[in-house]
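Visitor: Fold the following and give me the result.
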Amino acid sequence: MDALRLVALVAASTAVAGLARRTPVPAPLLLVAVGLAASYVPGVPDYTLDPHVVLPLILPPLLYTAAVDSSYLDLRANVRPVALLSVGYVLFATVAVGWLTHLLVPDLPLTAALVLGAVIAPPDAVAATAIARRLGLPHRITTILQGESLVNDATAITAYKVALAAAVGEGIGWAGGLGEFALAAVGGVGVGLVLMVPIHWLRTRLTEPLLQNTLSLLIPFIAYAAAEEVHASGVLAVVVVGLFLGHRAWKVDFATRLQEEAVWKMVAFVLESAVFALIGLQLPYVVRGLGQYGIGEALWYATGVFVFVVVVRFVWVFPATFLPRRLSAGIREREPGVDWKAPVVVGWAGMRGVVSLAIAFSIPVVTDGVEFPARNLVLFLTFTTVIATLVVQGLTLPPLIRALKLPGRDRHQETLAEAQAQSQASRAAQARLDALLADERNTLPDPLADRLRAVLERRRNSVWERLGAVNELTGETADDTYRRLAREMIDAEREVFVRLRDERRIDDEMMRTLLRRLDLEEAAAYREETA
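Guide: Residues are numbered from 1 along each chain as shown. Next up, the predicted model:
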């Protein structure tokens, strides 16, 4: 892919993703739809997914940013349902979908069908959680879906390697397959555990935010490459390191955190946009490769595989939700009870994505002189399953959630909890300030000491003000009005600095210094809006 094609892909996909934010359609779905349409527009070049690019270069940063943003404590509290989905379901779907596809498609060997089952087993690491967050699903459901998407790729990639070995006649047995799976899982976690402490130590010792963020960009690739080098799961290594660093991010200085958040948001946005656009752009390639299979016959098989994927997920999710509670009194006591609505949402939120396509494209045509059977059909069935789950399930998930009337996030209760936490922190800060000012080494003029107290009081009151009355004329809370007036004042100052620069009364370097101070003031005033 030359530079111009790459720039065109990134520019177009980010533009579509930006447009999606102004529509009710989730960005992944709009990007796939536009990619499908663009794939047959004259002049649009062919974009073929290269697994040697997607798996080591695109997957690690997407997994890392998702892991850093995840809650280690929430995932630990929901480890049982997460493990049942990310490991148990993926293995079950590999076997069940593979066997059913073997029965559906004449002349497709069971080993090749199991490869297909492993390829399309893992739900996407981005689509489901992006839609879940946008819809405001209950916190526990979002945590389970996010936890599943962090680990299931590792399970699927390992299952794929075992099934592929069997398909090309390498004679790997159940014992060998389980051994390879254990090596990948234990090795990946082990590499992550080995790397996370020294990386965290280095992050806290570097004093330059620029160096710290450069290291941050390298971390997912280091973890992935180190694990793959020892034939372990690079996915699990990245997830372990990301969870550890995200849990301890508060130990890194504020400048690094601010820069890191902005940088990773941009990286994730660009990669996610390009990835979903690439999914749609694969249509001409997979259709041309069908060969002996007619398009009508292939679409019939694709419909069957899509139905298998949907049904098999429900077959797993409902027993995995209710059976452990029926068998264990401890689980019933520890975990909140659920009705049938939550597993319906989890079952329907099984959209597939780019990892499935990347794995499918990595299937070799010939291995050691043995040709993989029906490779082009497997590619087509993978592509149609990804598209069907993204479009059908992605478009119907929002109305399904609204129809089920699942309780969303309680914003009032969250704001109240935030206000109580801020109040406790402010009391501790007030006590620390009083103790410091009592020491003659910290003597300050009264106006400066009062300014510290005023800033503290502002932080303490700002969250409570969001719970207060709304201005009948503007619809704003007192906190909203404060921030708007603060911005107006800052804008007035900024205009003066620019005018003084234009009049040559200050130089550009001084103006940039003064504007940076205003930028930091504005960021502080608007921190709640961008949180």
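
Visitor: From here on, just use CA atoms for contacts and neighbour counts.
Guide: Will do.

Visitor: those strands in the protein, which residues are they?
Guide: All strands of the chain, identified by DSSP state E, fall at 366-367, 370-371.

Visitor: Those strands: lowest mean pLDDT?
Guide: When these are ranked by mean pLDDT, strand 366-367 comes last with a mean of 67.

Visitor: distance of V252 from Q420?
Guide: Distance check for V252 against Q420: by CA to CA, to the nearest Å, it reads 25 Å.

Visitor: actually Y482, not the one I typed
Guide: Plainly put, Y482 is 21 Å away from Q420 if you go by CA to CA.

Visitor: related to what we said a few turns ago, how about the strands of the chain, which one is nearest D50?
Guide: The closest of the strands of the chain to D50 is strand 366-367. By CA to CA, the value is 17.1 Å.

Visitor: pLDDT weak spots in this protein?
Guide: Flagging of the chain using pLDDT under 70 yields the residue ranges 1, 125-136, 169-177, 336-337, 367-369, 408-412, 463-472, 475, 525-531.

Visitor: related to what we said a few turns ago, with neighbour numbers in mind, choose between V252 and Q420.
Guide: Set V252 next to Q420 and count neighbours by other CA atoms under 10 Å: V252 wins out with 19 against 15.

Visitor: Spit out the contact partners of the nearest residue to the more buried one once chain neighbours are set aside.
Guide: Once flanking residues are discounted, V252 sits nearest to T204: 5.5 Å by CA to CA, 6 or more residues apart in numbering. The contact partners of T204, by CA atoms under 8 Å, 6 or more residues apart in numbering, come to 251-253.

Visitor: measure T204 to P220 for me?
Guide: In terms of CA to CA, T204 sits 17 Å off from P220.

Visitor: picking up where we left off before, next one: the residue nearest to V252 from Q424, what distance?
Guide: 27 Å.

Visitor: if you skip the residues just before and after it, what's nearest to K251?
Guide: Spatial nearest neighbour of K251, excluding adjacent residues (CA to CA, 6+ apart): T204 at 6.8 Å.

Visitor: In this structure, which residue is most central in space?
Guide: Closest to where the C-alpha atoms of the chain average out (CA atoms, centre = their mean) is A66, at 3.9 Å.

Visitor: Quote the end-to-end distance of stretch 426-445.
Guide: In stretch 426-445, first residue to last residue: 22 Å (CA to CA).

Visitor: Please disregard the earlier target; I meant stretch 69-79.
Guide: The first-to-last residue distance of stretch 69-79 comes to 17 Å (CA to CA).

Visitor: For it, buried residues please.
Guide: By 16 or more other CA atoms under 10 Å, the buried positions in stretch 69-79 come out as 70-72, 75, 78.

Visitor: So which of the residues you listed sit within helices?
Guide: Among the buried residues of stretch 69-79, DSSP state H puts 72, 75 in helices.

Visitor: what about the residue nearest to V252, distance to R248?
Guide: T204 is 10 Å from R248, where distance means CA to CA.

Visitor: Which residue, neighbours along the chain excluded, lies closest to A374?
Guide: L108 (7.0 Å).

Visitor: how much space between the one you found and A121?
Guide: According to CA to CA, L108 stands 18 Å off from A121.

Visitor: who has more neighbours, those two?
Guide: Applying other CA under 10 Å to L108 and A121 shows that A121 carries more neighbours, namely 33 against 16.

Visitor: mind listing what that one touches?
Guide: Here A121 is in contact with 90-91, 93-94, 156, 309, 356 (CA under 8 Å, 6+ apart).

Visitor: Turn those residues into CSV, columns for distance to K265.
Guide: What follows is these, written out as CSV (distance: CA to CA, whole Å):
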residue, distance to K265
V90, 29
L91, 32
A93, 32
T94, 33
A156, 27
V309, 32
S356, 24
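
Visitor: Of the residues you listed, which is the nearest to V286?
Guide: S356 (13.9 Å).

Visitor: measure the closest one to R203 for me?
Guide: Counting by CA to CA - S356 and R203 are separated by 34 Å.

Visitor: what's the answer for V498, then?
Guide: 37 Å.

Visitor: neighbour-wise, which of these two wins?
Guide: Neighbour totals were compared for V498 and R203, and R203 leads with 23 against 18 (other CA under 10 Å).

Visitor: Wait, the more buried one touches Q212, no?
Guide: Yes - using CA atoms under 8 Å, R203 makes contact with Q212 at a distance of 5.9 Å.

Visitor: And the helices in the stretch 151-300 of the chain?
Guide: 174-205, 209-229, 234-247, 254-281, 283-288, 295-327 (DSSP state H, counting those that start in this stretch).

Visitor: what does the third one contact?
Guide: In this case it means helix 234-247. 60, 63-65, 67-72, 150-151, 153-154, 185, 188-193, 195-196, 200, 220, 223-228.

Visitor: Give me the angle between it and helix 174-205.
Guide: On the basis of axes from the mean of the first three to the mean of the last three CA atoms, to 10 degrees, helix 234-247 is oriented at 30 degrees to helix 174-205.

Visitor: likewise the last one?
Guide: Regarding helix 295-327 and helix 174-205, their directions subtend 80 degrees when assessed with the same axes, to 10 degrees.

Visitor: For helix 295-327, name the packing helices and strands.
Guide: In terms of contacts (3 or more CA pairs under 8 Å, 6 or more residues apart in numbering; DSSP states H and E), helix 295-327 is packed against helix 90-104, helix 329-334, helix 341-348, helix 375-388.

Visitor: In it, which residues are buried?
Guide: By neighbour count on 16+ other CA under 10 Å, the buried set for helix 295-327 is 298, 301-302, 304-306, 308-314, 316-318, 320-322, 325.

Visitor: got it, and the fourth one?
Guide: Within helix 254-281, the residues that count as buried by 16+ other CA under 10 Å are 256-257, 260, 264, 267-281.

Visitor: again with the first one
Guide: Going by neighbour count (16+ other CA under 10 Å), the buried part of helix 174-205 is 177, 180-181, 183-192, 195-196, 199-200, 203.

Visitor: thinking again about what came up before, settle this for me: the residue nearest to A374 is touching G98, isn't it.
Guide: No - counting by CA under 8 Å, L108 does not reach G98; the two are 10.1 Å apart.

Visitor: Quick one: residues contacting L379.
Guide: By CA under 8 Å, 6+ apart, the contact set of L379 is 286, 357, 360-361.

Visitor: burial measure for G394, as a count.
Guide: 23.

Visitor: What of A492?
Guide: Neighbours of A492 (other CA under 10 Å): 11.

Visitor: ok so, going back, quick one, phi/psi of the residue nearest to A374?
Guide: phi -90, psi 110 (degrees, to the nearest 10).

Visitor: measure it to H139 for me?
Guide: 42 Å.

Visitor: what's the answer for Y47, then?
Guide: 38 Å.

Visitor: Could you check which of these two has the larger neighbour count?
Guide: Applying other CA under 10 Å to Y47 and H139 shows that Y47 carries more neighbours, namely 20 against 15.

Visitor: I'd guessed the more buried one sits against Q282; true?
Guide: Yes - Y47 is within contact range of Q282, at 6.7 Å (criterion: CA under 8 Å).
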